[in-house]
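[1] Provided below for reference: sequence and predicted model.
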Amino acid sequence: MTELALPKIDRSILNNKEAIVKNLSNLINPENVLSHADEIKPYETDALAAYTQTPLAVVLPENTEEVSRILKYCYKENIKVVPRGAGTGLSGGALPLQDAVLLGLGKFNKILEIDFENKCVVTQPGVTNLGITHAVQHKGFYYAPDPSSQLACSIGGNVAENSGGVHSLKYGTTTNNILGVEMVLMDGTVCRIGGKTLDQEGYDIMGLICGSEGLLGVITEVTVKILKKPQVVKAALIGFPSIKEGGDAASEIISSGIVPAGMEIMDKALIEATDNFSKAGYPRDAELLLIVELDGTESEVNELLKKVSDICKKNNCSSLKLSKNEKERLSFWAGRKAAFPACGAMAPDYYCMDGSIPRGKLAEALLEIKKLSEKYNLLVANCFHAGDGNLHPLIMFDGSDKEQLRKTEEFGAEILKTCVRLGGVITGEHGVGVEKRELMCEMFNNDDIQQQLDIKKALDEKNLLNPGKVYPILRKCAEEGRVHVHKNKNKFPDLPRF
Amino acid sequence: MSTKIKINSQIFQDSNNIFYPKNEEEVSDLIKELYKKNSSTELIGTNSKSFIGNKTQSANTLSMSKISGIIEYLPEELYIKVKACTPIEEIEKALDKNNQELAFEPMDFGFIETGKSNKGTIAGYLSCNFAGSRRFKVGSVRDHILGFKGVNGKGDVIKSGGTVVKNVTGYDLSKLIAGSFGTLVALTEVTLKVLPKKKLSNTIAIYVDDKKTVFELFNQMSSSSSEISGAVYIPLEPNEDDFQKNRDVVFKFNDLKYEGSFLAIRVEGDKISIDEKIKALTQELNLEKYKTTILDVYQSVPFWKKINNLELFSKTKNNLIRLVITPSNGVKMMQFLGNKFKYYIDWCGSLFWVEVPAKKNMKIKELKKISQDYGGYLTIVKTSDEYDYEETLFTINDVRLLISEKIKKSFDPKRIFNPGKMYRGI
């Protein structure tokens, strides 16, 4: 992996480790302050497992007051702090720093209130995304954003990353589904933003915090909106003989006025990989596979499915299957959800990219990626959240071959630059973290970045909270790594990634 | 900063000394000049909503109204990129040709001011972040902004976001700009998410006046999967002649047998799905218990326009308050308002529009306290001529004010833009 530049290490902090640990142990239950090498080992990386770093110490506070005390102390002593949720992030946002205290929110794992009358749940940040749905599903409700790691990722981490999911075109991402947060600023100030009501007056501080990757405050409580489950959900599985025809069909579905709950595209390489891996029964002769999911009332869904079928037929689809029941609908998704492990089975390593592009540019993007794949002589498989334009190319390579690794990194950076050139962005949902930091200049100029840094400075003037993330350290564009998975040894190998 | 300072600028100024920059560069040049001179400015568009918020004490006025026009509209990509002061009507017209719309349902504040439509510009909407009746289902204005470009208080041109819905690259500054009343950035360009227009709409009117029943129904509606896209309650009380007359005029529809209070629910879609939803709701809400009528599409569409035009408070000379609370406190709120204030309820029980007579200024303080006790806030959207400003127009607490001041400083360190428009010190 390329050497990663991190903020300058404060030697005086390292030299003072013993006293710092002692002081932290006076602030919270000493059992929740970890400093022994064996204890802190599990915290040395998040799901961007290519980068590891041992933190100075790990603290696991149990309530907001403790978080505030820790931050106030660190602020006073100029100690850096890296917040961490469940550690499922793919961009290294929770990567520790040698001279920083890692603040884990794993003990904040309780749902505080389920309020069906106001259609919301008040929860601690360490509760998993799916845990919220589990708590309300007995009454037919659910929490809408569904990142693929929803079984393990925490809601606090979702707020920090503004996590999306496959249904975000229709239901939005985290920022559209939360009503309030409690957070602690680096100087220890506790503040409540929003509550259970819709919208807030004044500056939308919650909107700013959401997706700020742990740079502005530590989330200690979240109030999320819950929705009633749709009456009917059905899906269609459609094969196309060419990328162009499939891409055109996806664009036409949107422009015809349909807003699918989810719409996914896989290219031939991925159809084969997933079908080998999960025996999903996908049409292997197809060049491109489209999964369209629709929800609403029975007749509405049937009507829309008919429209989708007509559009696909008009665009020369080679196969078309409509789900007859819930079991079949889930089987359509089975292969798609196995996309990442399937790639892991095909090559020793893969890089997962996360760009967004305008939907209509899909064919152009895929052709460009194909050309690059030939240029670098590396296999690539593509999946695409066609509903919201989020593209995940998976580059397969052998990390033990240094030359291949170098080429893969170059290939990856070229893909993200292509996304920007086509009118898209360098990250749709995985976050910038340390991973895409240096590519920020592809999208933003100095003034844009300076404004963002000014906000950071306004809320954390000493730059102690999660420094070295999101913004390029030297503010120049270098090309760095992406999600590197070696021998399918993802930090969370059992999580479906899509 | 209220003293007049000579600004060296080639930018056109009218007889009232209002600056009219034609493009982003001119805006940037002018603000750089103001920054150098420590001279503040009021930011205006077409003045449709300039009555909202405190009066600013600025040395200059900068009209952004010439920064107008659609830059790029890609219906199949579900976005439209426009110059910031493009009139809402121009945007709606372009979208309508492709059966698309701004789903947050822009409100028309012209009626409360002059009794006539005056929708203003997209920058104005974004700056206020007041969404219409569909808000509880589709989100507010801030949820439909994909990106923006603008000039900060130092004169730097900055941007954030893009044209795609999934984007987590850097801080989401679009959210911060929404509802900032022009105190952070002079907007020059806005990209909006657009959505397909629903084919038809029908409205079920339920004639009910028991306060508890009203909120029981609101609760059931928001628990329904029938995708309700509007739910308002129009009370009969207070029993005052002019309010009664207003209601008679505003809600004059063949199928709205107005005899008292009523709840109105909107369902949208094609004919089959509307019928299906009405059938499902009849069962879910047990509507056979009540007297109900259905407004067909020809009545339903204008009905919701009138709601979103605030026509019930047309040309009001009183204070108009926008009060948001948790629906679980709705009954208590209704009991408080009772026969004393003219009001109606939108957003399925969350939003109360309340008129407070000029002579009852002191009541605003009480209302603000109650709104906060009920988990919400209030904004005084329009003030009567006699308003004494004893109670601030916006609601804020100390910690949020502290953070807001810091944010303001990071965008506009010398408080050039709209000083005092929202809060003292911002």
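    Good, I have the coordinates. Numbers count the residues shown, from 1 in each chain, chains lettered A, B, ... in the order given.
[2] and the residue lying closest to B:Lys159 once chain neighbours are set aside, which of the three is it?
    In space, and not counting its chain neighbours, B:Lys159 is closest to B:Lys149: 4.4 Å by CB to CB, 6 or more residues apart in numbering or on different chains. Every C-beta, even on glycine, is put in place using the N, C-alpha and C of the backbone. Here B:Lys149 is strand, with the state taken from DSSP: H, G, I helix; E, B strand; the rest coil.
[3] just B:Phe352 next, same as before
    Under three-state DSSP, B:Phe352 comes out as strand.
[4] surely it meets B:Tyr343?
    Yes: checked against CB atoms under 8 Å, the pair B:Phe352 and B:Tyr343 is within contact range at 5.5 Å.
[5] overlap in contacts of these two?
    Common contacts of B:Phe352 and B:Tyr343, defined by CB atoms under 8 Å, 6 or more residues apart in numbering or on different chains, comprise B:Leu337.
[6] and the gap between whichever residue of the stretch 201-350 of chain A sits closest to chain B and B:Glu105?
    Nearest residue of the stretch 201-350 of chain A to chain B: A:Gly207, at 2.5 Å (CB to the nearest CB). Distance of A:Gly207 to B:Glu105, given as CB to CB, to the nearest Å: 20 Å.
[7] the more surrounded of the two?
    Set A:Gly207 next to B:Glu105 and count neighbours by other CB atoms under 10 Å in any protein chain shown: A:Gly207 wins out with 28 against 19.
[8] Contact partners for the nearest residue to B:Pro419 once chain neighbours are set aside?
    Excluding the flanking residues, the one nearest B:Pro419 by CB to CB, 6+ apart is B:Ser40, at 5.1 Å. Neighbour list for B:Ser40: B:1-2, B:34, B:56-60, B:414-417, B:419 [criterion: CB under 8 Å, 6+ apart].
[9] Which phi and psi values does A:Asp46 adopt?
    phi -110, psi -150 (degrees, to the nearest 10).
[10] tell me the contacts of it?
    Counting by CB under 8 Å, 6+ apart, A:Asp46 touches A:Arg84, A:Gly87, A:Thr88, A:Gly89, A:Leu90, A:Gly92, A:Gly93, A:Ala94, A:Leu95, A:Lys491.
[11] isn't the residue nearest to B:Lys159 right up against B:Ser28?
    No: judged on CB under 8 Å, B:Lys149 makes no contact with B:Ser28 at a distance of 10.8 Å.
[12] Report the central residue of chain A.
    By CA atoms, centre = their mean, chain A has its centre lying nearest to A:His430, at 3.2 Å.
[13] hang on, the earlier thing: I'd like to know how far the residue of the stretch 201-350 of chain A closest to chain B sits from B:Asn397.
    Note on A:Gly207: its distance to B:Asn397, by CB to CB, is 18 Å.
[14] helix/strand/coil for B:Thr282?
    helix.
[15] Tell me the pLDDT of it.
    In this prediction, B:Thr282 carries a pLDDT score of 97.
[16] Check A:Leu474 too.
    61.
[17] By proximity to chain A, which residue of chain B wins?
    In chain B, the residue that lies nearest chain A is B:Lys175 (2.5 Å; CB to the nearest CB).
[18] That residue contacts A:Gln200, doesn't it?
    No: with contact defined as CB under 8 Å, B:Lys175 does not count as touching A:Gln200 (10.6 Å).
[19] Need the overlap of contacts for these two.
    Residues touching both B:Lys175 and A:Gln200 by CB under 8 Å, 6+ apart: A:Met206.
[20] Please list the residues of the stretch 1-150 of chain B that sit near chain A.
    B:74-78, B:98-100, B:129, B:131, B:135-136, B:139-140, B:142-143 (CB under 8 Å from any CB of the partner chain).
[21] What is the neighbour count of residue 310?
    You didn't pick a chain, so chain A it is. A total of 12 residues lie near A:Asp310 under the criterion other CB under 10 Å.
[22] actually chain B
    Neighbours of B:Leu310 under the rule other CB under 10 Å: 26.
[23] Chain neighbours aside, what residue packs nearest to it?
    B:Leu310's closest residue in space is B:Ile112 (CB to CB, 6+ apart), at 5.0 Å.
[24] ok, now B:Asn129?
    Closest residue to B:Asn129 apart from its sequence neighbours, by CB to CB, 6+ apart: B:Gly179 at 3.4 Å.
[25] mind checking the SS state of that neighbour?
    Under three-state DSSP, B:Gly179 comes out as coil.
[26] Now do it against B:Ser140, distance only.
    Distance from B:Gly179 to B:Ser140, counting by CB to CB: 8 Å.
[27] on that earlier part again, surely the residue nearest to B:Leu310 is in a helix?
    Yes: assessed by three-state DSSP, B:Ile112 belongs to a helix.
[28] I figured it hits B:Thr383, correct?
    No: the pair B:Ile112 / B:Thr383 is not scored as a contact, 11.5 Å apart, by CB under 8 Å.
[29] Show the end-to-end separation of stretch A:205-213, please.
    14 Å (CA to CA, to the nearest Å).
[30] contact partners of that stretch?
    For stretch A:205-213, the surrounding residues in contact (CB under 8 Å, 6+ apart) are A:93, A:159-162, A:174-175, A:178, A:180-181, A:183, A:193-194, A:200, A:216-217, A:219, A:431-433, A:455, A:466, A:469-470, B:142, B:168, B:171-176, B:178, B:400, B:403-404, B:407.
[31] Give me the common contacts of B:Gly179 and B:Ser140.
    Counting by CB under 8 Å, 6+ apart, the residues touching both B:Gly179 and B:Ser140 are A:Asp199, B:Asn129.
[32] where does the stretch 201-350 of chain A come near chain B, residue by residue?
    Contact residues (CB under 8 Å from any CB) of the stretch 201-350 of chain A with chain B: A:201-208, A:210-212, A:216, A:228-231, A:251-252, A:254-255, A:257-259, A:296-300, A:303.
[33] so how far is A:Tyr143 from A:Trp229?
    Rather than Trp, residue A:229 is Lys. Distance, A:Lys229 to A:Tyr143, by CB to CB: 11 Å.
[34] any chance you could map the helices in chain B?
    B:24-37, B:88-96, B:110-114, B:122-128, B:135-138, B:173-177, B:211-222, B:241-250, B:271-284, B:297-308, B:330-337, B:362-373, B:398-411 (DSSP state H).
[35] Pick out the least confidently modelled helix or strand of the chain, by mean pLDDT.
    No chain was given, so I picked chain A. Lowest on mean pLDDT, DSSP states H and E among the helices and strands of chain A sits strand A:483-486, with a mean of 50.
[36] you looked at the wrong chain, it should be chain B
    helix B:241-250 (a mean of 83).
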